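>>> okay, sequence plus prediction incoming.
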Amino acid sequence: MTDRLRIWINGERPDLPWERTIREERGELHQLLSGPPCRHINVLTLNARDGAWRGRHLHRVKREEVFILSGRIEFIWCDIETGARGRETLGPGTRMTILPGLAHALRAIEDAVMIEFAETPYDPADTFPIDL
């Protein structure tokens, strides 16, 4: 494992009291952020196709937050400082923090929708391609 990756189910971390998921007949509410700044938001749709990997990069500054809204993904990572590697299968309701220095890639096992957000604006100069 690595200290550059955190994975949890939304609403299950006592140190993040603003997080919650409410499921009712009329639908679901997933509160992901309340308080900390957010200057970058993406909604990603991932199609379950062979070889359809996204990411395959690392950031030296950006700390990425991810929420899986639907579907299932395979997430692979490598801590470039320690060489530690891992592979995770993640599903709906999962939250993830990817800290700088963690190379990562993901693909849909089932068609998926994810939300990615960060405290810093997007900076293409902070995206370094890497082959995982």
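Sure, I can see it.
>>> which residues of this structure fall in helices?
Read by DSSP state H, the chain holds no helices at all.
>>> what residue is smack in the middle of it?
residue 66 (2.8 Å; Cα atoms, centre = their mean).
>>> contacting residues around it?
Residues in contact with residue 66 (Cβ atoms under 8 Å, 6 or more residues apart in numbering) are 95, 96, 97, 98, 114, 115, 116. Every C-beta, even on glycine, is put in place using the N, C-alpha and C of the backbone.
>>> check the fifth one and give its pLDDT.
In this model, residue 114 is scored at 97, pLDDT.
>>> quick one: the nearest residue to residue 65 once chain neighbours are set aside from residue 80, how far?
If the residues on either side of it in the chain are set aside, residue 65 comes closest to residue 117, at 5.0 Å by Cβ to Cβ, 6 or more residues apart in numbering. From residue 117 across to residue 80, the span is 23 Å (Cβ to Cβ, to the nearest Å).
>>> try residue 68
Taking Cβ to Cβ as the measure, residue 68 falls 24 Å from residue 80.
>>> between those two, point out the one with more neighbours.
Higher neighbour count among residue 68 and residue 80: residue 68, with 23 against 17, using other Cβ atoms under 10 Å.
>>> okay, and the beta partners of that one?
residue 114 (DSSP bridges).
>>> I'd say it and residue 94 touch.
Yes: using Cβ atoms under 8 Å, residue 68 is in contact with residue 94, at 4.7 Å.
>>> the residue lying farthest from the centre of the chain and residue 11, how far apart?
What lies farthest from the middle of the chain is residue 25; by Cα atoms, centre = their mean that is 27.5 Å. As judged by Cβ to Cβ, residue 25 and residue 11 stand 19 Å apart.
>>> which residues in the protein form strands?
5-9, 20-24, 27-31, 40-46, 54-58, 64-79, 85-90, 94-98, 102-118, 128-129 (DSSP state E).
>>> what comes up buried for the fourth one?
Just to be clear, that refers to strand 40-46. Neighbour-count burial for strand 40-46, with 16 or more other Cβ atoms under 10 Å as criterion, is recorded at 44, 46.
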